[in-house]
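> Give me the fold of what follows.
(chains A, B, C and D)
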There are 2 protein chains.
Amino acid sequence: MARADADTQASTPRERYRAQVREEIKERAREQIATAGASALSLNAIAKQLGMSGPALYRYFAGRDELITALVRDAYRSLADTLGAAAAAGPDPARLAHALRDWALSDPHRYFLVYGTPIPGYHAPEDTTAIADEVMTVLLDACTTLDADRPATPFGTHLQEHRTWAEGHPAPPAALHRALAFWTRLHGVLSLELAGHFTGMGFDPARYFAAELESLTAPLSEPPA
Amino acid sequence: MARADADTQASTPRERYRAQVREEIKERAREQIATAGASALSLNAIAKQLGMSGPALYRYFAGRDELITALVRDAYRSLADTLGAAAAAGPDPARLAHALRDWALSDPHRYFLVYGTPIPGYHAPEDTTAIADEVMTVLLDACTTLDADRPATPFGTHLQEHRTWAEGHPAPPAALHRALAFWTRLHGVLSLELAGHFTGMGFDPARYFAAELESLTAPLSEPPA
DNA sequence: CGCTAGGCGCTATAACTTCTAACGGCCGCA
DNA sequence: TGCGGCCGTTAGAAGTTATAGCGCCTAGCG
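Residues are numbered from 1 along each chain as shown, chains lettered A, B, ... in the order given. Predicted coordinates:
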């Protein structure tokens, strides 16, 4: 679970207390987001829930934006840890996919903190892009074992020539292409499922996810239909 | 373009004026969303831009929610019209895909109004689900011409047994599967691209979109990598 | 042509939000 | 044991959504 947040480890009792309160604030924020959405997050309400009044929260977070940023970073971290743990059990893409789906379903709002509608003014801090790289590396590892000596697709060669996102990774073109497809196709399914766009359509999202996964792990072919 | 909104056509001069003001309010709202995001939409600011003050807007929209709902419905309508127009030029899935991408790129925020992070409390009005059906029908038409007599995939047979989303449509199982994949895969690419998750990765989003599209239109195979 | 009812926009107000400023008390460290 | 710094407080400014009630102006009817 890798629950050792960078916040939690502290030396002095003051810092320890501070980290604890920060964590509790984030917990309440998560609850609030789950019930009313990220846009309705109210610092005042959180403070009231914690028994302290209004501006006290500003000792812990510079403002609403910084609180949300912290939540986004935690979500990214949680995703990377989850996929990392799954990868540790074996570099199987299917295992990764199901870990991703379980992670997404276990807390949809957390998923949307990472992959949801972007906020125009908001710029992700550098460390989140580092975590994003981490995620891509895990994916690339799994795909590299899968198509070690697969011929390159046309788009794969384009990726080979523009692989700043896989700078130091030894993945061949086919693996680059597959990793990218892995990411976007599974996101396509999960994002629509979590947003409720499948409700009332009748079919089983889990089975469709499995079908898409199969199109991703199949040795070479597998049509969409 | 199908710019004849249901609002615009009115008989009495009063209703005409009212519809015009409503349209202008929505226009300003769109501008504001484009620059600051939907969550930062301010009725007060809109009113100020229109030269009238605050509560006057409530004559035209019951509140922030109803304004956003109207914008969502317009966005849905625009999407359905765009795809419908593309389909009228021929039931080619590739044409539909490019129409979709052009539509998405021409106004990313409009795309996220339809497919973005859902707001927990918010329930889409019935007519939007009707429009969603309309979109799916266009997709199913295109896919039906493509695999009229294609053998059913395993998941395709599941879809065949749970096709409440394609109730009256004559699409065969293979077409059902392909239409669904069309939707989710292209959404996967577009959603990540519009949200900026591809920036800095180096490759060309348009080429990747084309590659995914090819995986969707290929007669039977085409691997991800 | 004139009169009236209703839509329209206004101000005032309430309740809410984020966030800054200044004050007091407690806690931990030396 | 002292004292510096962190913490939480209240007060307040500026913003938001939304309601209430007032007048004007106009469209439409007699």
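> need the contact list for the nearest residue to A:Ala70 once chain neighbours are set aside.
Leaving aside its sequence neighbours, A:Ala70 sits nearest to A:Lys26 (C-beta to C-beta, 6 or more residues apart in numbering or on different chains; 6.2 Å). The way it works is simple: take the backbone N, C-alpha and C, and place the C-beta from them, glycine included. If a contact means C-beta atoms under 8 Å, 6 or more residues apart in numbering or on different chains, then A:Lys26 has A:67, A:70-71, A:74 as its contacts.
> now those residues as JSON lines including distance to A:Ala88?
JSON lines is the format used below for the contacts of A:Lys26 (distance: C-beta to C-beta, whole Å):
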{"residue": "A:Leu67", "distance to A:Ala88": "31"}
{"residue": "A:Ala70", "distance to A:Ala88": "26"}
{"residue": "A:Leu71", "distance to A:Ala88": "26"}
{"residue": "A:Asp74", "distance to A:Ala88": "21"}
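> Filter the residues you listed down to the buried ones, PyMOL style.
Of the contacts of A:Lys26, the buried ones can be selected in PyMOL as follows, counting by 16 or more other C-beta atoms under 10 Å in any protein chain shown:
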select buried, chain A and resi 67+70+71+74
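> which one of the contacts of A:Lys26 sits closest to chain B?
Using C-beta to the nearest C-beta, A:Leu71 comes nearest to chain B of the contacts of A:Lys26, at 13.5 Å.
> from memory that closest one sits against A:Glu31, does it?
No - applying C-beta atoms under 8 Å, one finds A:Leu71 not in contact with A:Glu31, separated by 11.5 Å.
> could you give me the average pLDDT of stretch A:111-126?
Computed over stretch A:111-126, the mean pLDDT rounds to 89.
> Correction: the previous question concerned stretch A:211-224.
69.
> Let me see the domain layout of chain A.
A:1-61, A:64-217 (automatic domain parsing).
> Identify the residue nearest the geometric centre of chain A.
A:Leu79 (4.2 Å; C-alpha atoms, centre = their mean).
> and A:Tyr60, how many neighbours does it have?
17 (other C-beta atoms under 10 Å in any protein chain shown).
> quick one: contacts for it?
A:18, A:21-22, A:25.
> Can I get these in JSON lines including pLDDT, secondary structure and neighbour count?
Putting these into JSON lines (pLDDT from 0 to 100; DSSP: H, G, I helix; E, B strand; the rest coil; neighbours: other C-beta atoms under 10 Å in any protein chain shown) gives the following:
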{"residue": "A:Arg18", "pLDDT": "96", "secondary structure": "helix", "neighbour count": "15"}
{"residue": "A:Val21", "pLDDT": "97", "secondary structure": "helix", "neighbour count": "16"}
{"residue": "A:Arg22", "pLDDT": "98", "secondary structure": "helix", "neighbour count": "19"}
{"residue": "A:Ile25", "pLDDT": "98", "secondary structure": "helix", "neighbour count": "21"}
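> and those, which two are the farthest apart?
A:Arg18 and A:Ile25 (10.6 Å; C-beta to C-beta).
> and the residue in chain A that chain B sits nearest to, what is it in contact with?
Nearest to chain B in chain A, going by C-beta to the nearest C-beta, is A:Gly188, at a distance of 2.5 Å. By C-beta under 8 Å, 6+ apart, A:Gly188 lies in contact with A:212, B:183-189, B:191.
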